[in-house]
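S.K.: Could you look at this predicted model? Sequence included:
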Amino acid sequence: MIPKTYQENIVLPDGRKITIETGKLAKQAHGSVVVKMGKAMLLCTVVSNYESADVDFLPLTVDYREKFSSAGKFPGGFFKREARPSDNEILTMRIVDRVLRPLFPKDYHSEVQIMIQLISNDSDVMPDSLAGLAASCAIYLSDIPFESPISEVRVARIDQNLVINPSRDQLNESDIDLVVGASENSIIMVEGEMDECSEEDMIEAIMFAHESIKSQIKSQKKLLKAIGEKNTREYDKSEEDDKLLDLIEKKTSSEFYEIGKMGLKKDERSAKFSEVKTKLIDSFNEEEIELHGHLIKKYTDLSLKKSIRKLIIEEGIRLDGRKTDEIRPIWCEVDYLPSTHGSSVFTRGETQSLASLTLGTSKESNKIDLPSYEGEESFYLHYNFPPFSTGEARPLRGTSRREIGHGNLAQRSLKKVIPSDCPYTIRIVSEILESNGSSSMASVCSGTLALMDAGIKIKRPVSGIAMGLITDNEKYAVLSDILGDEDHLGDMDFKITGTSEGITSCQMDIKIKGLSYEILSKALNQAKIGRLKILDEMLKTISTPNNDVKAHAPKIIVRKIPNEFIGPFIGPGGKVIQELQKETECTIVINEDPETEEGIVEILGTNEVGIQKVLSKIDALTFKPEKNNIYSVKVIKILDFGAVVEYVDAPGNEVLLHISEIAWERTKNVTDEVNIGDIFDIKYFGFDPRTKKEKISRKALIEKNT
């Protein structure tokens, strides 16, 4: 018997439809929905344990996977099943997590697992645009405590027109690509890239996205109403003690406040705060600590947070002594690493990024193989965050989701300024050597400097800044270039990158409800002033890209050859091209262009003589003499009926000079006129239909004796 199902339709501004369905699949999950758009279908389930975990945070896991079967494909590689998630899947997980996490109760500590699966693909639908909607609806229809439904949409601008949830083809034509997550009343998350757009254009795109999100939230509410109102589960709420909170605030708040005004460095400040905390602990007896130790720690941290927020809002003084719009001291250096193809050090306050750049051929491009998309990236950036950067020792467990997310943000910030005709594959690695606030933005700055040091003719240099917000719902302070502590105690983390002409990427997370567009506009405009100031400091180190790549860096030459010559150039079993690479010390990569029916040959090497040898080989291979033109040839073989000659400018291209075309006089022996090694000019007459061979003549260039 088919179970009863419930559906709700969402109509996008351009008339396309999204359908939410529940009741048919995965009914043992605490909440499950199928979201469908076109032929694309996402199954989302949510389960939460009824017992509270022994932690003081929400143990939320968001998992997003694209099944290869959804597109009728086999997984690549040796093992024919899906394995670890791709970077694109991890980035989708992060985007969904960042919108959902703030909407669970702060004292809800039961493990929550959200699983989103692409079960049917549609090449005209980008499924990650639907993941936030699916996750919200699954939670909202369950009994798990959740403040309000949300949704996420992608908004693109194509020919000045804004589009919700564009196809990938449409996205390729757009100059704005933003993913916006929001509740009915508040923007929660924004992430995306832009082609140097203005602050006003960005706000317009966010507002447009929010209107579509409101419509999707209304549909979720209608679906719940059709099913029947849910009873939210009971859970163990955190123990609270208002008297203890008041006592701790009285004992610590003024001291925290005064330490905050000192403008100390991170280590000094932490040591002073620890002294206050130690003194507080010593004021309690062993029994009180045993009974309320966890609350004492919690309330002490809360007192510290409230004190510093008050200091910033009321006096405009920050932890390191700066004004709200002041940027930390910056120093930069390029060409720091002698063996890399480009390098830089960017240091801002106590945050430092070392960038190294490597140049390669298309063979080194980053291949993307997903059910929803296949392609490659010729520019990519990797971000590493070792524990020593914050003075910690912790286990190394591979690349974290955070590292993938920060690297992707820096990559999106810079890729818009890479020239479209750049022949290289470019990889930048940002090693974070110190961290106290916005290492991803430091990676953008160091990446820009490394590109210019490597001689890449970028469109314009890019800088980045992280903005913060402190508000008490009446007054607020927007902070430029936030510290790690300010990120922790603040209400917003807003990263913006751009050139002197406009924004290239952004990432925003809001921790409060009801962020006004007035505050958003102020943050964007204050960020513009800050990132331009950072850019000025960067340009004092290197103002324009170097004229050429470094002497030890590989030079790349790109040539096109007709497809018919690819086989001879490679040779049987690759013998010709392998020998040529060994002889010239060059890397040679050949790709076929199906549109132009040409082969694209990339020659990469540091030896100019070797590169020229490869080019000569190509010229010789593709050489086609033109009718009635004159060419120099060299005799390489003598026959009874003529001489085999080779074109001087195209070694390897041979043609027969018939004995009758050597001289006007009758030639009895070929060697009476020419010998091996002789060089002379001939005239090319093209294909002779009588002999069905190419015809050349030496005598045609010799004056005939009368």
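M.R.: Okay, I see it.

S.K.: use CA for all of it now, contacts and neighbours both
M.R.: OK.

S.K.: how far does stretch 274-289 stretch from start to finish?
M.R.: Taking C-alpha to C-alpha, to the nearest Å, stretch 274-289 runs 17 Å from one end to the other.

S.K.: per-residue confidence averaged over that stretch?
M.R.: For stretch 274-289, mean pLDDT is 90.

S.K.: So which bits of it are buried?
M.R.: 276, 277, 280, 281, 289 (16 or more other C-alpha atoms under 10 Å).

S.K.: Neighbours of residue 64, how many?
M.R.: 26 (other C-alpha atoms under 10 Å).

S.K.: List the residues that contact the residue nearest to residue 277 when sequence neighbours are not counted.
M.R.: Counting by C-alpha to C-alpha, 6 or more residues apart in numbering, the nearest residue to residue 277 once its immediate chain neighbours are dropped is residue 300, at 7.1 Å. Counting by C-alpha atoms under 8 Å, 6 or more residues apart in numbering, residue 300 touches 248, 249, 252, 277.

S.K.: Three-state assignment for residue 300, please.
M.R.: helix (DSSP: H, G, I helix; E, B strand; the rest coil).

S.K.: what's the distance between it and residue 247?
M.R.: With C-alpha to C-alpha as the criterion, residue 300 and residue 247 are 10 Å apart.

S.K.: Point out where the stretch 51-200 of the chain drops to low pLDDT.
M.R.: Low-confidence segments of the stretch 51-200 of the chain (pLDDT under 70): none present.

S.K.: those helices in it, which residues are they?
M.R.: Secondary structure of the stretch 51-200 of the chain (DSSP state H, counting those that start in this stretch): helices at 87-100, 131-140, 168-172, 199-227.

S.K.: how about the most centrally placed residue in the chain, what does it touch?
M.R.: Centroid check for the chain by C-alpha atoms, centre = their mean gives residue 408 as the closest residue, at 3.1 Å. When the contact criterion is C-alpha under 8 Å, 6+ apart, the partners of residue 408 are 381, 382.

S.K.: How about residue 602?
M.R.: 361, 362, 556, 557, 558, 559, 587, 588, 589, 590.

S.K.: change it to 6 Å
M.R.: With contact taken as C-alpha atoms under 6 Å, 6 or more residues apart in numbering, residue 602 is in contact with 557, 558, 588, 589.

S.K.: And residue 136, by the same measure?
M.R.: 149, 150.

S.K.: for the one 5 residues further on, same thing?
M.R.: For residue 141, the contact set (C-alpha under 6 Å, 6+ apart) comprises residue 31.

S.K.: Next up, phi/psi of it, please.
M.R.: phi -90, psi -10 (degrees, to the nearest 10).

S.K.: so the residue nearest to the centre of the chain sits in a helix?
M.R.: Yes: the assignment for residue 408, made by three-state DSSP, places it in a helix.

S.K.: still on that earlier bit, of all the helices of the stretch 51-200 of the chain, which lies closest to residue 42?
M.R.: Residue 42 lies closest to helix 131-140 among the helices of the stretch 51-200 of the chain, at 7.3 Å (C-alpha to C-alpha).

S.K.: Tell me which residues of that closest one come out buried.
M.R.: Buried, per 16+ other C-alpha under 10 Å, within helix 131-140: 131, 132, 133, 134, 135, 136, 137, 138, 139, 140.

S.K.: Nearest residue to the third one in space, ignoring adjacent ones along the chain?
M.R.: What that stands for is residue 133. Nearest to residue 133 is residue 151, by C-alpha to C-alpha, 6+ apart, at 4.5 Å.

S.K.: ok, now how distant is that neighbour from residue 191?
M.R.: 14 Å.

S.K.: sorry, back to before: can you name the residues that contact the residue nearest to residue 133?
M.R.: Applying C-alpha under 6 Å, 6+ apart, the residues near residue 151 are 132, 133, 181, 182, 213.

S.K.: Can you tell me how far the last one is from residue 656?
M.R.: With distances defined as C-alpha to C-alpha, the gap from residue 213 to residue 656 amounts to 76 Å.

S.K.: The two: who's more crowded?
M.R.: Taking other C-alpha under 10 Å, residue 213 and residue 656 do not tie; residue 213 has more neighbours (25 against 20).

S.K.: per-residue pLDDT, that one?
M.R.: Residue 213 is given a pLDDT of 97.

S.K.: Would you indicate which residues of stretch 559-576 are buried?
M.R.: Buried, per 16+ other C-alpha under 10 Å, within stretch 559-576: 560, 561, 563, 566, 569, 570.

S.K.: so which of these comes closest to residue 543?
M.R.: For the buried residues of stretch 559-576, the nearest to residue 543 is residue 560 (34.3 Å; C-alpha to C-alpha).

S.K.: if I read this right, the closest one contacts residue 597, doesn't it?
M.R.: No: counting by C-alpha atoms under 6 Å, residue 560 stays clear of residue 597, with 9.9 Å between them.

S.K.: how about CSV for the helices of the stretch 51-200 of the chain, with distance to residue 629 added?
M.R.: Formatted as CSV, the helices of the stretch 51-200 of the chain follow (distance: least, C-alpha to C-alpha, whole Å):
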stretch, distance to residue 629
helix 87-100, 57
helix 131-140, 66
helix 168-172, 47
helix 199-227, 60
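
S.K.: How much space separates residue 694 from residue 109?
M.R.: In terms of C-alpha to C-alpha, residue 694 sits 85 Å off from residue 109.

S.K.: For these two, indicate the residue with more neighbours.
M.R.: Set residue 694 next to residue 109 and count neighbours by other C-alpha under 10 Å: residue 109 wins out with 25 against 14.

S.K.: Surely that one is in contact with residue 50?
M.R.: No: the criterion here is C-alpha under 6 Å, and residue 109 misses it with residue 50 at 9.8 Å.

S.K.: low pLDDT regions in the protein?
M.R.: 1, 514, 706.

S.K.: And the strands in the stretch 151-300 of the chain?
M.R.: Using DSSP state E, counting those that start in this stretch, the strands of the stretch 151-300 of the chain run over 161-164, 176-183, 187-197.
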